[in-house]
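[1] Okay, structure incoming, though there's no sequence with it:
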């Protein structure tokens, strides 16, 4: 869940960790971030939660991925996730563990359905419905996909997002309040590396405007090599990464820069359809499109492709997007002219 709120003081990165097995603690960073510990039948507890700098709560992508991981633990081995639909109800906290209660709604021959309720100190944080199916259980079937975009830079040709952030930090024209915020972002090393196709230049940031574009794109992958025999880990890693940047597409579609023009962003819901298994530790391309923003909300869709051009997942998200006080005042002045 993307949550930006300029009415609050940006917080430093916070992580709460619960002791678990040595294998988990020594494994890849993304595996530790997604670990849920079984504390009773169909009841799980988070291993750690991350609070992105400047946000009001725990990272929503991590909550989604942990909920999916908990649900996956309750289905037979031959079942794989094909979809999830999640609602964010209140911001999660990173200083207390999240509790995931799995409800076994249906167990069929081809499909299984689970509803996961995540709570913290008695408050419901998210409700996530997950559906699982047996791969290749339908026999002969229809097959088509939207092609992967062409003529896009390869990930090896792009700097990572932290390197791009350094340009803003090092530029003396950037006000100190923003420079400190960027430094906090750079200090937060996430288990997933992102490389955006387009990031605003220093000039665009200072101007507070970019060329409106409904389409955005980014490459992402887990920073460390993951075991190849854990399909759940790869799918949950993709779920984790899919929440980063998708709602920002609606902001950029309006030619705005979130760190200057937006007072608050908060995800309301998030859906994922998993079309084919793939590795999350190899570069994946996230093709993003925002068709609409209105009434203080924005909607965006995403298509995730592997490097072979296979569409492996589709996503959607709607969220609250509120203009900053300065941007609202600027627009009121312009409307009077």
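    Structure received. All figures in this text were calculated on a predicted structure; none of them were measured in a lab. Numbers count the residues shown, from 1 in each chain.

[2] Now do stretch 146-154: distance to the chain's middle.
    Distance, stretch centre to chain centre, for stretch 146-154: 21 Å (C-alpha atoms, centre = their mean, to the nearest Å).

[3] And for stretch 173-184?
    In terms of C-alpha atoms, centre = their mean, the centre of stretch 173-184 is found 24 Å from the chain centre.

[4] list the buried ones in that stretch?
    174, 181-182, 184 (16 or more other C-beta atoms under 10 Å). Just so you know, the C-beta spots here come from the backbone N, C-alpha and C atoms, and that holds for glycine as well.

[5] Can I get those in JSON lines including distance to residue 32?
    Formatted as JSON lines, the buried residues of stretch 173-184 follow (distance: C-beta to C-beta, whole Å):
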{"residue": "174", "distance to residue 32": "34"}
{"residue": "181", "distance to residue 32": "27"}
{"residue": "182", "distance to residue 32": "26"}
{"residue": "184", "distance to residue 32": "22"}
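
[6] can you list those residues in TSV and add pLDDT and distance to residue 139?
    Output for the buried residues of stretch 173-184, formatted as TSV (pLDDT from 0 to 100; distance: C-beta to C-beta, whole Å):
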residue	pLDDT	distance to residue 139
174	87	59
181	76	54
182	77	53
184	73	53
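
[7] pLDDT below threshold where in the stretch 101-250 of the chain?
    Applying pLDDT under 70 to the stretch 101-250 of the chain flags residues 137-138, 186-189.

[8] circling back to that earlier point, which one of the buried residues of stretch 173-184 is nearest to residue 196?
    The nearest member of the buried residues of stretch 173-184 to residue 196, counting by C-beta to C-beta, is residue 182 at 14.7 Å.

[9] name the element the closest one belongs to?
    Using DSSP states H and E, residue 182 falls within helix 176-187.

[10] list the helices and strands that helix packs on?
    The elements that helix 176-187 packs onto, with contact taken as 3 or more C-beta pairs under 8 Å, 6 or more residues apart in numbering; DSSP states H and E, are helix 161-170, helix 258-261.

[11] From the buried residues of stretch 173-184, pick the one nearest residue 62.
    The closest of the buried residues of stretch 173-184 to residue 62 turns out to be residue 184 (C-beta to C-beta; 18.0 Å).

[12] so what's that closest one closest to, chain neighbours aside?
    Leaving out its chain neighbours, the residue that sits closest to residue 184 by C-beta to C-beta, 6 or more residues apart in numbering is residue 53, at 3.7 Å.

[13] same thing with residue 199?
    Distances taken as C-beta to C-beta, 6+ apart place residue 164 nearest to residue 199, at 4.8 Å, with adjacent residues excluded.

[14] And for that neighbour, the neighbour number?
    Neighbour count for residue 164, taken as other C-beta atoms under 10 Å: 15.

[15] separation between it and residue 196?
    For residue 164, the distance to residue 196 equals 8 Å [C-beta to C-beta, to the nearest Å].

[16] swap in residue 273?
    The gap separating residue 273 from residue 196 is 23 Å, by C-beta to C-beta.

[17] out of those two, which sits in the busier spot?
    Between residue 273 and residue 196, residue 196 has the larger neighbour count (other C-beta under 10 Å), namely 20 against 17.

[18] Perfect, I'm done here.
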